[in-house]
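>>> Pasting a predicted model and its sequence here:
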Amino acid sequence: MQQTSCITNKEEFEGNTEHNTAAYTLVREDASTGLTYKLPLEASYARSLLIFFLCRSGYRSFIAANFITNIGYKNCYNISDGFEGNNQDKGWKQNNLPWQF
């Protein structure tokens, strides 16, 4: 799994934001027990598929990207700044990268 910052890679994502397929996996960490619960990936995609992971701050997407990398997907990137950013960095939205609600 590789880390990427949305600030340095803005050009990678512009014009490439609409896709008609998506795969979802749920990764949750129970802070009280330290256990991580994972649901299986519910779609069959090539292990060479380019996959980007994004959450609010970059922490949960890091866990998900790590998990997917460990089961054999090779081109996984965590957007380390997240959608809204963390205490030090601006995220996807504040860097004016494309998104819609």
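Sure thing, it's come through.
>>> if I pick W92, what's in contact with it?
For W92, the contact set (Cβ atoms under 8 Å, 6 or more residues apart in numbering) comprises C6, L54, I79, D81, G82, F83, E84, W99. The way it works is simple: take the backbone N, C-alpha and C, and place the C-beta from them, glycine included.
>>> Okay, and which of the residues you listed map to helices?
Taking DSSP state H, every one of the contacts of W92 sits outside helices.
>>> Now that we have these, which of them are buried?
Buried residues within the contacts of W92, counting neighbours by 16 or more other Cβ atoms under 10 Å: C6, L54, I79, D81, G82, F83.
>>> wait, which of the residues you listed is closest to D89?
D81 (4.6 Å; Cβ to Cβ).
>>> pLDDT at that closest one, what is it?
What the model reports as pLDDT for D81 is 87.
>>> Repeat that for F62.
Reported pLDDT for F62: 90.
>>> hmm, back to that, now render the contacts of W92 as TSV, adding distance to I71.
TSV is the format used below for the contacts of W92 (distance: Cβ to Cβ, whole Å):
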residue	distance to I71
C6	25
L54	19
I79	20
D81	25
G82	23
F83	24
E84	28
W99	28
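>>> so of the residues you listed, which ones are in strands?
With strands taken from DSSP state E, the overlap with these comprises I79.
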